[in-house]
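Participant: model this:
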Amino acid sequence: MLAVRKGKLTARQQALQPAMAAVSILPVEIWILILREAQYDDLLPRYRWLRRYSLVCKAWSPHAQQLLYGHVALRGSGHCKAFKRAIAAAETHDPAHADTLRRSVRTVSMVMDHQEIYAGVIELCPALRELHVCMYHASFRPDALARLAQLPRTIRALRVRAYHYTALFQLLALFPHVEFLEVDASSVRGAFPDPPPCPPPAWRLRELRYANLRRATHPFVEWALSGPGAGSRETLEALRVQCPTFSAGVLPGLGLVRLTSLAVPRVMAGDDLAVLGHVEEVWMTAPRYPSPTFLPLPMGLRHLALHPLGEADYGTIGSDLAAYYENSERKLEVLTYHRRVYEEDDGVDDIQMLHEFCSERGVEFRLMDPMYGYYAGERVPFEPVTECPRWMPLSTRRSSGQDRLEAILAMPRKKATLSRKIARTAKKAFGSTIHPAALARP
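Facilitator: Coordinates of the predicted model:
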């Protein structure tokens with residue numbers, strides 16, 4: 001039995017010899033390029049795979065380690081100390097390789113507080129390009145701020161999630177050189193401070209994202225583009241605002257001469273966006289209660305993206321959309337509808353209306369079911385706006401295609417519930433809408 005096993009192993013080795021010979025011919029750099037793409041599984045990097053790549057052989061090890069250090073995630077001061085120890089150990093063993101690892105770090109994600117150790121970690125990454133920060137503390141200590149102010153200005157993209165406005169303004173003042181800024185202040189309690197504690201830095205942003213689901217917090221956008229930060233009005237290419245009280249009507253007065261992509265909760269009848277001549281893409285992330293209108297949109301629009309319309313008069317929305325299409329000289333090329341379809345839905349009248357509009361006019365219709373961002377890893381990356389629609393990484397689990405769309409369009413219409421009937425009647429009678437959830441049982 002042992003002899004048979006040895007014979008099989010020998011035969012297998014002989015069969016693999018040509019393949020192994022071909023593998024050995026490829027330069028290590030080619031293999032690293034392959035591994036750079038092979039590390040992703042459904043849009044997410046698998047660091048466990050990279051660790052295994054580094055153990056294949058001595059030739060692969062240093063290159064795989066560089067990939068492993070490309071994105072460093074640190075959750076608190078304990079992780080920061082472990083990262084500094086790892087760099088120190090590498091410097092003791094091989095200073096040249098340690099310097100290569102430090103320069104391999106392109107993105108750092110950290111949960112930061114008022115201590116100085118976080119600035120020390122960033123100092124170890126001379127080629128850092130993107131910084132993700134989550135701040136639970138109320139403010140920075142003066143010594144920590146002074147340390148952060150001395151960091152090299154290599155960071156171009158900054159993502160911040162803050163729980164207090166004081167710490168947020170203290171941090172933003174230290175990054176006048178960023179080009180891509182994302183701020184999530186939904187966890188900050190209270191309204192936006194009036195007046196703001198300080199003017200914005202003299203940055204020239206190319207993309208600005210702001211999210212705050214609390215009311216009366218939208219002045220952050222105007223603050224970021226005012227005073228020393230007014231230079232961003234000439235450079236801003238993409239603006240994404242998720243705030244219930246933000247009005248798109250303020251945009252014409254900001255003078256955003258290069259704005260190409262715009263994401264706002266909704267566009268109302270009083271918003272005149274015709275002066276935004278460079279805008280080719282508009283997202284409406286909350287086009288319901290009240291329903292949106294399309295006539296104020298820029299005339300050069302090529303891509304329109306809508307989130308769920310909710311309970312509305314789809315006939316009026318379709319007529320308004322058709323009128324805009326004719327007035328804009330039929331420049332619209334793509335319409336994307338981000339909507340999750342459930343079996344208990346009353347119907348898919350909204351999807352049918354939008355699909356009919358597109359099919360009758362030769363406009364490409366894209367249904368995002370489930371909505372974009374439902375799966376981990378689906379996120380529009382920070383990169384220059386070179387084309388519209390903007391590229392979106394979609395999860396491999398997303399069931400998209402004509403078959404799925406046809407199945408949704410063929411869903412039988414269900415009878416409306418009593419609460420929805422009351423909501424529709426109230427809208428017709430009083431000119432306003434009662435959300436069906438308000439009529440639900442407690």
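
Participant: dump the residue contacts of residue 47.
Facilitator: Contact partners of residue 47, counting by C-beta atoms under 8 Å, 6 or more residues apart in numbering, are 39, 68. C-beta: built from backbone N, CA, C; applies to glycine.

Participant: equivalent analysis for residue 306, please.
Facilitator: By C-beta under 8 Å, 6+ apart, residue 306 lies in contact with 283-284, 287, 292, 335-338, 354.

Participant: quick one: which of those sit in strands?
Facilitator: Residues of the contacts of residue 306 located in strands (DSSP state E): 283-284, 335-338.

Participant: where does the stretch 1-150 of the chain dip in pLDDT?
Facilitator: The stretch 1-150 of the chain contains residues with pLDDT under 70 at 1-24.

Participant: now stretch 91-103: buried residues?
Facilitator: Neighbour-count burial for stretch 91-103 flags 98, 100-102 (criterion: 16 or more other C-beta atoms under 10 Å).

Participant: name the residues that touch the helix or strand residue 87 falls within?
Facilitator: If you go by DSSP states H and E, residue 87 is part of helix 77-93. Residues from elsewhere that reach helix 77-93, judged by C-beta under 8 Å, 6+ apart: 72-74, 97-99, 101-102, 110, 113, 115, 117-118, 120-121, 124.

Participant: quick revisit: which one among the ones in strands among the contacts of residue 306 gets closest to residue 138?
Facilitator: Nearest to residue 138 among the ones in strands among the contacts of residue 306, counting by C-beta to C-beta, is residue 283 at 33.4 Å.

Participant: next up, the contacts around the closest one.
Facilitator: Shown in contact with residue 283 (C-beta under 8 Å, 6+ apart): 240, 261-264, 305-307.

Participant: again with residue 56
Facilitator: Applying C-beta under 8 Å, 6+ apart, we find residue 56 in contact with residue 64.

Participant: low-confidence bits of the stretch 151-300 of the chain, can you list those?
Facilitator: The model of the stretch 151-300 of the chain has no residue with pLDDT under 70.

Participant: that one: strands as residue ranges?
Facilitator: With DSSP state E, counting those that start in this stretch, the ranges of strands along the stretch 151-300 of the chain come out as 157-162, 180-184, 207-211, 238-242, 261-264, 281-284.

Participant: need the ones you listed in a markdown table with distance to residue 218, can you?
Facilitator: Shown next, in a markdown table, are those (distance: least, C-beta to C-beta, whole Å):
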| stretch | distance to residue 218 |
| --- | --- |
| strand 157-162 | 16 |
| strand 180-184 | 12 |
| strand 207-211 | 8 |
| strand 238-242 | 7 |
| strand 261-264 | 10 |
| strand 281-284 | 16 |
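
Participant: which of those sits closest to residue 48?
Facilitator: With C-beta to C-beta as the criterion, residue 48 lies closest to strand 157-162 of the strands of the stretch 151-300 of the chain, at 24.4 Å.

Participant: ok, now how distant is residue 257 from residue 277?
Facilitator: Distance of residue 257 to residue 277, computed by C-beta to C-beta, to the nearest Å: 9 Å.

Participant: closest to residue 140 out of the strands of the stretch 151-300 of the chain?
Facilitator: Comparing those under C-beta to C-beta, the one sitting nearest is strand 157-162, at 11.6 Å.

Participant: identify the residues contacting residue 149.
Facilitator: By C-beta under 8 Å, 6+ apart, the residues touching residue 149 are residue 174.

Participant: check residue 266 too.
Facilitator: Residue 266 touches 248, 284, 286-288, 290, 292, counting by C-beta under 8 Å, 6+ apart.

Participant: picking that back up, so which of the contacts of helix 77-93 sit within helices?
Facilitator: By the criterion of DSSP state H, membership of those in helices covers 97-99, 101-102, 117-118, 120-121.

Participant: most widely separated two among those residues?
Facilitator: Farthest pair in the ones in helices among the contacts of helix 77-93 (C-beta to C-beta) is 97 and 118. Separation: 24.7 Å.

Participant: dump the buried residues of stretch 91-103 into JSON lines; add distance to residue 45 as well.
Facilitator: Output for those, formatted as JSON lines (distance: C-beta to C-beta, whole Å):
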{"residue": "98", "distance to residue 45": "22"}
{"residue": "100", "distance to residue 45": "19"}
{"residue": "101", "distance to residue 45": "17"}
{"residue": "102", "distance to residue 45": "19"}
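
Participant: quick one: buried residues of stretch 278-294?
Facilitator: Buried residues in stretch 278-294, defined by neighbour count with 16+ other C-beta under 10 Å: 279-288, 291-294.

Participant: with stretch 37-54 instead?
Facilitator: Buried residues in stretch 37-54 (16+ other C-beta under 10 Å): 39, 45, 49-50, 53-54.

Participant: try stretch 386-402
Facilitator: Across stretch 386-402, burial judged by 16+ other C-beta under 10 Å covers 388-390, 395, 398.

Participant: put the alpha carbons of that stretch into PDB.
Facilitator: Output of stretch 386-402 as PDB, limited to C-alpha atoms (Å, rounded to 0.1, in the frame of the first residue of the first chain):
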ATOM      1  CA  THR A 386     -13.700  61.300 -15.400                       C
ATOM      2  CA  GLU A 387     -17.000  59.900 -16.700                       C
ATOM      3  CA  CYS A 388     -20.700  59.800 -15.900                       C
ATOM      4  CA  PRO A 389     -22.300  57.600 -14.600                       C
ATOM      5  CA  ARG A 390     -19.500  57.300 -12.100                       C
ATOM      6  CA  TRP A 391     -18.100  53.800 -11.700                       C
ATOM      7  CA  MET A 392     -19.700  51.800  -8.900                       C
ATOM      8  CA  PRO A 393     -18.100  48.500  -7.600                       C
ATOM      9  CA  LEU A 394     -20.900  46.000  -7.300                       C
ATOM     10  CA  SER A 395     -20.900  42.900  -5.200                       C
ATOM     11  CA  THR A 396     -20.800  39.600  -6.900                       C
ATOM     12  CA  ARG A 397     -23.900  38.600  -4.800                       C
ATOM     13  CA  ARG A 398     -26.000  41.200  -6.500                       C
ATOM     14  CA  SER A 399     -28.500  39.600  -8.900                       C
ATOM     15  CA  SER A 400     -28.600  42.100 -11.700                       C
ATOM     16  CA  GLY A 401     -29.600  41.700 -15.300                       C
ATOM     17  CA  GLN A 402     -32.500  41.700 -17.700                       C
END
